[in-house]
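Novice: Here is my input, please return the structure:
(chains A and B)
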Number of protein chains: 2
Amino acid sequence: MPYYIGDVIKDAGRLTARTPEKFREGGIEVIINTAVEEVDTDRQTVRLAGGLSRPYDFLALGTGTEALTPGIPGEDRPGVFLLKKLTDALAIKSYLAETRCRRALVIGAGFIGLEVSEAFVERGIETEMIHRGNLPASRWDPELSAALLEEMKRRGLIFTPATEVVSIEEGTSFRLRLNTGHGPREADIILLAVGVRPDVRLARTMGLTIGTSGAIAVNFSQRTSRENIYAAGDCCESFHRVSRRWVNIPLGDIANKQGRVAGSNIGGKAMTFPGVVGSQSFRIFSWEAAAAGLTEQEAAAAGFHPVAAVVWGNATAGVMPGPKRIGMKLVADRSTGRLLGAQAVGEQRVVGRINTLAAALWAGLGLDEIAYLDLAYAPPFSGSWDIIHLTAQSLMRKL
Amino acid sequence: MPYYIGDVIKDAGRLTARTPEKFREGGIEVIINTAVEEVDTDRQTVRLAGGLSRPYDFLALGTGTEALTPGIPGEDRPGVFLLKKLTDALAIKSYLAETRCRRALVIGAGFIGLEVSEAFVERGIETEMIHRGNLPASRWDPELSAALLEEMKRRGLIFTPATEVVSIEEGTSFRLRLNTGHGPREADIILLAVGVRPDVRLARTMGLTIGTSGAIAVNFSQRTSRENIYAAGDCCESFHRVSRRWVNIPLGDIANKQGRVAGSNIGGKAMTFPGVVGSQSFRIFSWEAAAAGLTEQEAAAAGFHPVAAVVWGNATAGVMPGPKRIGMKLVADRSTGRLLGAQAVGEQRVVGRINTLAAALWAGLGLDEIAYLDLAYAPPFSGSWDIIHLTAQSLMRKL
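Specialist: Residues are numbered from 1 along each chain as shown, chains lettered A, B, ... in the order given. Below you'll find the model as predicted:
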C-alpha cells in the first residue's frame, strides 16, 4: 500500500476546519493536516502526529521544498509573508482584503518575487523590490534582465538593487518598517521571496542518501537509496541531460512527471524519467522570460568551454505592424559547437522559441543545425530568418 | 561571376518606370525587368531580352514558382488577380483603391487564399471563398481545419465547399460573375489562389535534371546536375529529413537558407543544406495554424505505419483567466514510436509548440521522449502537462 507524503500533510492545522483529516477518495485512504513524525524503514511503518500509524509496502516521498527566510529580527511579524503553500496564498489574499495595503515590499527578485510584485502593482499597491543583487532574474544575462527591469519600471515597480536587509519592526507611516543597508523602507505588507531548498528533513532521519545538490538522490526510476522508497518532485534530484549531472530544479512540471514515473514503477509498470534540460519561464507584466540548458557559469563549471552571443530582434517579420522586441542569448561549447544553453526575454513568442531550443538541447543538436533548423515561418510569427537562426549564426562566428 | 536569375527578372516591364533596368549595388551588377531568353551552358553565357548577354563561371537559378490558374474562360478579365509577385500585390491594392469593391470571391483555400480573404474582410469587403474541397487548409486534419472554419465564419467570411469553378464573365449587380457547379456568384474582385508549381521552364531548356517532385534536382550543396550551376528556393527540391525523400516545399524561409548555401559554395566556402522537416504556418484572424513533418497520408506513402491522435486543450494553465483553445494532432510510426508529424490550430501559442515538435522531428525523437520533454512551464504559457505531452501520451496508448 503506497503512501504519498506531500506538502498537504505539512500544512497540519492550517487548512479550514471544514476539511476532514481522513477520508477515502477513489478507493484511496487520504490523511491530511497530519504531520509525519517518523518513518520506521525496518518495520515499514509511518507514525503520524496524533498517534495514527500506517504500514507500507512502498513509500513515496513528495516533501517538496522549504522556503528560505533572510533570518532577520522581526521576519515573523504579522504582515510579513512567505509564498510557498496554498495556505500562504490564501493568507496573503485575506490580509489584502482585510487591511488597507497602500505599499508593499518584496524581498528577493526571483520568479516568486517578480510574479507577486506584478500582482501587487496590478492591485494598485505601490511596490518596491529589495534585492541583494544588481538585477532581477539573475539566471538571465545582465543584458536581458536589464530589459526586464525596464519593463518593470515602466509599469511603476520600484527596484532597489544591491541592498541587504537588516530587520523588520513596527512602522510609522505604514504598518511595517524594513531596515536595510541603505536605510529604512516602510510598507503595509512584506513578502519574503529569497528562495527555497529541498525539504530533506524526513529523508535524513530515514537514512536516505542525499545528493551533492542537497536533494534526495534517486535513480531513473525515481527510487531512493532504499529499495521500496521512491521520491518525486522538488525534494529530489533530476538528471540534467546537458551537464550530465544530478541537479535539483524545483518546478511543478518536473514534479508532475517524476510523480507519474514513481507511481508507475510502484504500481508494477516499468518506467524511467528521461531527465531535464533546465527549462523554465515566467511572465512579468507583458514581458516573457524563458531559459533552458546551462548558463555560461554552469557550463564552465561542468567543464565545457562556453562561448555566448546575445542578439536582439523582432518576434515577428519586419514587415508586420507593431514590432515586438525579443532578446536571445545562446551558449555553446567552443570545442564541439554543441548548444549548451538558451535564454530569451521579450514582448511576445519567447517561450515557444526557448521550448524549440529545449528540444534541441534535449537531442544534443549543434549550432550548425540550429542555424538552419526548419521552423514554421510566416510573417506574423517570425522573420524568414528567425532570431533562433540569427543568434546561432552570430555565435558560430565566435567559435 | 555569378548571376542570380530570380523572380525580379521575370517581372520584365511590370515595375514602375522609375526603376533603372541596370545598376550596380555593392560592386554587383544588377539587371532587372529583363527576361532571360536562353542559357548556353556550353559557352557559359546568359542571353537576355533586348540583346544583352553575359558570361558566367557559376550560375544560380532562383526561378521560383509559377502560379496555377483554374484554366477557365474569363480568368484573364480585369478584376481577376493572382497573388504571386510583389507587382500582383501592388496591382490588387491599386484596384481596391481605384474601384469601389463591395464583394470579393477567392478561389482556393490554401495559405494565399486564406490570408487574402482575411485582408479583404478586414477592409470591410464581403468575401466568399470557393473551394473544391470540403474544408480550408487541407493539410490539417479535418477536425482541426473545421475549427479554423468556425473562426472564419465567426469573422463573417463565407465559405462555399465542394464547388468547381466553370467560367468568369461580366456581372450584373457586381462587376464580375463566376459561374460554378453550384450556380453563379457575383463580385467586384476575384482572386485565383489555386496553388503554384516550380518554374522549371528555363532549367528544362538547359537540360538540368528535374526531380520526381517536378522541381530542379539539387544536391546538399544546392548544385544542380551541372557542375557550375546551382539552384535555390521554390524552383528546386529539398531533402525531407522525415520521409527521407527529395521534395518541393515552396516557402520563403527555405529559399533564404538554400540561397545562402548556394552562394557560400559558389564563393568557395563549403556549406551544406541540412534539409527540411516540412514546417509551415499561417494566421487566419486571431487563430494560428502550424504543421511540421508528414501527414498520415504522406507517412503511409513513405512506407511508415502511421497512427495518429488529436487532442484539444488549453494554450495556458487551467487556472489562468481567459482560456485559449488549442487542438493538436500527432502522427507516429507504429513500429518504432518515432514522431512523424505534428499539426496544431488555436487561438494562442500554436507556432512555438509546432516549432518545438519541428526540432523533435529534426532530431528524430520518439513519442516516449516527447511525452516527457522538459518544456519551460509557467501557468501563463501552459499547463504543467503541456498539450504536447498530453497528445504524445494519448498517441502512445494507441501504439
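Novice: quick one: secondary structure of the residue nearest to residue A:21 when sequence neighbours are not counted?
Specialist: Sequence neighbours aside, residue A:33 is the residue nearest to residue A:21 in space, at 5.1 Å (criterion: CB to CB, 6 or more residues apart in numbering or on different chains). Heads up, the C-betas are built off the backbone N, CA and C, glycines and all. Put simply, residue A:33 is coil when judged by DSSP: H, G, I helix; E, B strand; the rest coil.
Novice: Show me which helix or strand of chain A is least confident by mean pLDDT.
Specialist: Counting by mean pLDDT, DSSP states H and E, chain A has its least confident helix or strand at helix A:7-10, which shows a mean of 36.
Novice: what element comes up after that helix heading to the C-terminus?
Specialist: Per DSSP states H and E, helix A:7-10 leads on to strand A:22-25 as the next helix or strand towards the C-terminus.
Novice: Now do that following strand: distance to the chain's middle.
Specialist: The chain centroid and the centroid of strand A:22-25 are separated by 31 Å under CA atoms, centre = their mean, to the nearest Å.
Novice: Which elements pack onto it?
Specialist: With contacts taken as 3 or more CB pairs under 8 Å, 6 or more residues apart in numbering or on different chains; DSSP states H and E, strand A:22-25 sits against strand A:28-31.
Novice: Paired strands for the strand it packs on, with orientation please.
Specialist: strand A:22-25 (antiparallel) (DSSP bridges).
Novice: excluding its backbone neighbours, what's nearest the residue of chain A found nearest chain B?
Specialist: Nearest residue of chain A to chain B, counting by CB to the nearest CB: residue A:352, 1.3 Å away. Leaving out its chain neighbours, the residue that sits closest to residue A:352 by CB to CB, 6+ apart is residue B:352, at 1.3 Å.
Novice: Helix or strand: which one has that neighbour?
Specialist: With DSSP H and E as criterion, residue B:352 is part of helix B:351-363.
Novice: With residue A:119 instead?
Specialist: Going by DSSP H and E, residue A:119 is part of helix A:111-122.
Novice: What are the buried residues along that helix?
Specialist: Residues of helix A:111-122 classed as buried: A:111, A:112, A:113, A:114, A:115, A:116, A:117, A:118, A:119, A:120, A:121 (neighbour count, 16 or more other CB atoms under 10 Å in any protein chain shown).
Novice: now those residues in a markdown table, with distance to chain B?
Specialist: Listed next are these as a markdown table, based on distance: CB to the nearest CB, whole Å:
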| residue | distance to chain B |
| --- | --- |
| A:111 | 8 |
| A:112 | 12 |
| A:113 | 14 |
| A:114 | 11 |
| A:115 | 8 |
| A:116 | 14 |
| A:117 | 15 |
| A:118 | 10 |
| A:119 | 12 |
| A:120 | 17 |
| A:121 | 16 |
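Novice: hmm, back to that, check which element follows the helix holding residue B:352 along the chain.
Specialist: For helix B:351-363, the succeeding helix or strand toward the C-terminus, using DSSP H and E, is helix B:367-370.
Novice: Tell me where the model's unsure across chain A.
Specialist: Where chain A drops to pLDDT under 70, the residues are A:1-20.
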